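Enquirer: Sequence first, predicted coordinates after that:
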Amino acid sequence: MESFIKNNKTIHVLMFPWLAHGHISPYLELAKRLAQRNFIIHLCSTPANLSSIKHKIGEKFALSIQLVELHLPTLPELPPCYHTTNGLPPHLMPTLKKALEMATPNFCNILCTIKPDLLIYDFLQPWAPLAASLQNIPAVEFMTSSLSMTSYMFHFFKKPGVEFPFSTMFYRDYEIVHREKLLVSAVDEQVKRCAFQGIDRSSRIVLVKGFREIEGKYSDYLSSLLGKKVVPVGPLVQDPTHDEYDSSDIIGWLDKKDMNSTVFVSFGTEYFLTKQDMLELAYGLELSNVNFIWVVRFPKGEKITLEEVLPLGFLSRVGERGLVVEGWAPQAKILSHEGIGGFVSHCGCSSVMESMKFGIPIIAMPMHLDQPLNARLVEDIGVGVEVVSNQLGVLRMEEVAEVIRHVVVDDGGESVRQKAREMSEKIKNKGDEEIDEVVQELVQICANKKRNGFH
């Protein structure tokens with residue numbers, strides 16, 4: 001393997017994530033870590049997606065990470081601005097998946113032009129490794145959900161009706177609808193077939209976003225389900241020093257707050273609170289008497305003002321204690337700030353990893369799909385506390401306020417705060433162990449291809 005690295009100064013990798021920010025972001029972070037280890041990365045997606053990440057690459061990776069445009073066929077109901085899940089009307093999701101598969105000839109041309117040593121592809125594109133194999137290019141699947149979530153999903157693919165063997169991973173009664181949406185594929189033979197085709201076509205290993213320190217048992221179980229070695233890639237947290245936009249106003253406001261006195265409130269880029277949840281959360285923040293930065297987002301095209309969704313007089317009552325930001329805020333930079341003492345989060349996989357890396361305890365408010373399981377994981381390892389909704393799945397202001405105060409202020413929450421700090425130290429001490437293993441595996445796959453052709 002060492003001779004392969006020595007004789008081949010760089011390994012060229014074509015990365016092909018699904019067309020969602022929650023997938024592209026970890027692919028980009030993995031690209032950066034591989035680029036630091038003598039890989040040249042070609043990140044392939046639609047122009048609509050690439051335009052939103054171009055500024056995240058920076059001068060440091062300008063030569064080692066190259067963006068490659070994949071053009072989807074023109075469909076009347078799917079203009080180029082919808083060649084991404086960001087802002088995509090839900091009823092067009094099947095059309096987007098169809099359009100991506102229809103772009104197979106364009107993708108084959110990209111493979112032929114770049115001639116990468118390796119393809120890294122996503123869960124929803126099992127046709128991509130097949131296209132690569134026709135050009136003698138080995139391929140490895142990289143799944144961006146957590147290890148616990150991925151093992152949960154494949155358990156129900158392979159063992160429908162059998163209880164998941166880890167009792168701390170479960171859905172509450174009011175979350176069953178989200179579980180059913182997630183697992184509908186378990187009874188959809190076409191989706192199930194695609195899932196296992198993707199695994200079968202992955203060379204030797206499967207990469208999964210996760211941290212062995214906290215999800216080792218799920219990694220081992222997933223490996224037994226898939227019949228392949230599962231290699232965690234680590235937290236893949238964005239560098240907080242990288243300014244995506246001018247955030248001086250937000251950081252300036254936070255600089256004036258006491259250490260660990262403020263909660264950051266954000267629910268990701270693709271989920272929007274209901275009006276009722278928005279009101280309950282606002283009143284909960286007000287009742288908590290804790291400082292907060294709250295990022296509020298509205299669906300594309302909807303003309304809604306903050307005044308319409310927030311309680312009457314809310315902004316004036318909270319005054320300097322609260323900062324409401326519409327649209328976007330530098331999450332990693334905020335979470336790494338000493339003024340932050342808690343993260344009110346939907347528990348998306350990336351957000352959970354970021355919070356743990358920076359030692360910030362989580363006030364968990366899972367909303368859909370895999371988020372409830374991520375919230376259970378947060379509680380199970382002791383780095384956060386969940387806000388349990390009512391029987392209808394609606395937030396309750398009193399519960400919101402109580403959990404925020406417990407995690408950030410009350411003496412009873414010190415154990416959670418301590419666990420969060422300890423987890424941050426574990427992640428820092430582990431350093432890049434996971435990425436080093438990933439590199440070894442990928443180099444070995446490429447070396448085997450050079451010697452014998454790939455398998």
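Expert: Received, thanks. Numbers count the residues shown, from 1 in each chain.

Enquirer: Tell me where the stretch 301-450 of the chain has strands.
Expert: 322-326, 340-345, 362-364, 384-386 (DSSP state E, counting those that start in this stretch).

Enquirer: and those strands as CSV, adding mean pLDDT?
Expert: Formatted as CSV, the strands of the stretch 301-450 of the chain follow (pLDDT from 0 to 100):
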stretch, mean pLDDT
strand 322-326, 95
strand 340-345, 98
strand 362-364, 98
strand 384-386, 98
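
Enquirer: Nearest to Ser415, out of these?
Expert: Taking Cβ to Cβ, strand 384-386 is the member of the strands of the stretch 301-450 of the chain nearest to Ser415, at 10.3 Å. Yep, even glycine has a C-beta here, placed from its N, CA and C like the rest.

Enquirer: what residues go with each domain of the protein?
Expert: Domain ranges of the chain: 2-239+431-452, 248-428, per automatic domain parsing.

Enquirer: can you put the strands of the stretch 301-450 of the chain in JSON lines and add mean neighbour count and distance to Gly313?
Expert: Converted to JSON lines, the strands of the stretch 301-450 of the chain look like this (neighbours: other Cβ atoms under 10 Å; distance: least, Cβ to Cβ, whole Å):
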{"stretch": "strand 322-326", "mean neighbour count": "18", "distance to Gly313": "13"}
{"stretch": "strand 340-345", "mean neighbour count": "28", "distance to Gly313": "22"}
{"stretch": "strand 362-364", "mean neighbour count": "28", "distance to Gly313": "24"}
{"stretch": "strand 384-386", "mean neighbour count": "23", "distance to Gly313": "29"}
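
Enquirer: any idea of the pLDDT on the closest residue to Lys217 other than its chain neighbours?
Expert: Here the nearest residue to Lys217 in space, its sequence neighbours aside, is Phe166; by Cβ to Cβ, 6 or more residues apart in numbering that works out to 7.0 Å. We note a pLDDT of 97 for Phe166 in this prediction.

Enquirer: ok so, going back, with distance to Glu59 added, can I get the strands of the stretch 301-450 of the chain in a markdown table?
Expert: Listed next are these as a markdown table, based on distance: least, Cβ to Cβ, whole Å:
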| stretch | distance to Glu59 |
| --- | --- |
| strand 322-326 | 28 |
| strand 340-345 | 28 |
| strand 362-364 | 33 |
| strand 384-386 | 36 |
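
Enquirer: Worst mean pLDDT among the domains of the chain?
Expert: Looking at the domains of the chain, the bottom one is domain 2-239+431-452 with a mean of 90.

Enquirer: and that domain, how far from the chain's centre?
Expert: On the basis of Cα atoms, centre = their mean, to the nearest Å, domain 2-239+431-452 sits 12 Å off its chain's mean C-alpha point.

Enquirer: tell me the centre residue of this structure?
Expert: Against the mean C-alpha coordinate of the chain, by Cα atoms, centre = their mean, the closest residue is Ser350 at 3.7 Å.

Enquirer: Against Leu335, how distant is it?
Expert: The spacing between Ser350 and Leu335, counted by Cβ to Cβ, to the nearest Å, is 11 Å.

Enquirer: go on, Val394?
Expert: Look at Val394 and Leu335: by Cβ to Cβ, they are 27 Å apart.

Enquirer: Then Asn106?
Expert: For Asn106, the distance to Leu335 equals 38 Å [Cβ to Cβ].

Enquirer: the more surrounded of these two?
Expert: Between Asn106 and Leu335, counted using other Cβ atoms under 10 Å, Leu335 has the larger neighbour count: 22 against 14.

Enquirer: What distance do you get for the more buried one to Ile363?
Expert: On the measure of Cβ to Cβ, Leu335 and Ile363 end up 13 Å apart.

Enquirer: shared neighbours, those two?
Expert: Counting by Cβ atoms under 8 Å, 6 or more residues apart in numbering, the contacts common to Leu335 and Ile363 are Phe343.

Enquirer: What is the helix or strand Leu281 falls within packed up against?
Expert: Assigned by DSSP states H and E, Leu281 belongs to helix 275-288. Contacting helix 275-288 under the criterion 3 or more Cβ pairs under 8 Å, 6 or more residues apart in numbering; DSSP states H and E are the following elements: strand 262-266, strand 291-296, helix 306-309, helix 314-318, helix 397-408.
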